[in-house]
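**Student:** Pasted the sequence and its predicted model underneath.
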Amino acid sequence: MNTNSTATQPLTKRCTKCGTSKPLDAFNRDANRPDGRRTYCRACHQLMNYRAPVRTLDNPPTLQDFSNIVNSLPTDEMRAKFSMAIINAMANVIERYTNKSGNQ
C-alpha cells in the first residue's frame, strides 16, 4: 500500500492577516495547528512583532523611522495597503511629541 502524504496536503495556504495565498514555506511551523503551520505568513508575523526604537521627548520619532517600516514590507501590495495607516499613525505620534515638548 503506497500512501503519499503530499497528495493530501495543499501546497499553498492563505494568510489570515494579508489574505494572500502563499507556499507553505512562507509560514512558520506550529506543531499545535492541524496543518502544522501558523495562520499568519512570515512577513505578516514580522510586522506584528516589529519593535520600534524607544523614543523620548529628547529623541522623538522621525519620518525616517516610519519610512523604514513601510520600506521593510515585503511586497508593493502590502506597502500600498499599510502606508497610509502608518503615515497617519506617524503624524499622530509626532504631533503628540511636539505638543508635549512645547508644553514644558
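**Tutor:** Good, I have the coordinates.
**Student:** What ranges does this protein have for its helices?
**Tutor:** 5-8, 42-48, 63-71, 76-103 (DSSP state H).
**Student:** How about the residue most central in space within the chain: what's its closest non-neighbour residue?
**Tutor:** Nearest to the mean C-alpha position of the chain, by C-alpha atoms, centre = their mean, lies residue 47 at 2.0 Å. Using C-beta to C-beta, 6 or more residues apart in numbering and skipping the chain neighbours, the partner closest in space to residue 47 is residue 73 (7.1 Å). Using the backbone N, CA and C atoms, a C-beta is placed for each residue, glycine as well.
**Student:** Please parse this structure into its domains.
**Tutor:** The chain resolves into domains spanning 10-49, 52-104 when parsed by automatic domain parsing.
**Student:** In a markdown table, list those domains along with mean pLDDT.
**Tutor:** Below are the domains of the chain laid out as a markdown table (pLDDT from 0 to 100):
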| stretch | mean pLDDT |
| --- | --- |
| domain 10-49 | 88 |
| domain 52-104 | 70 |
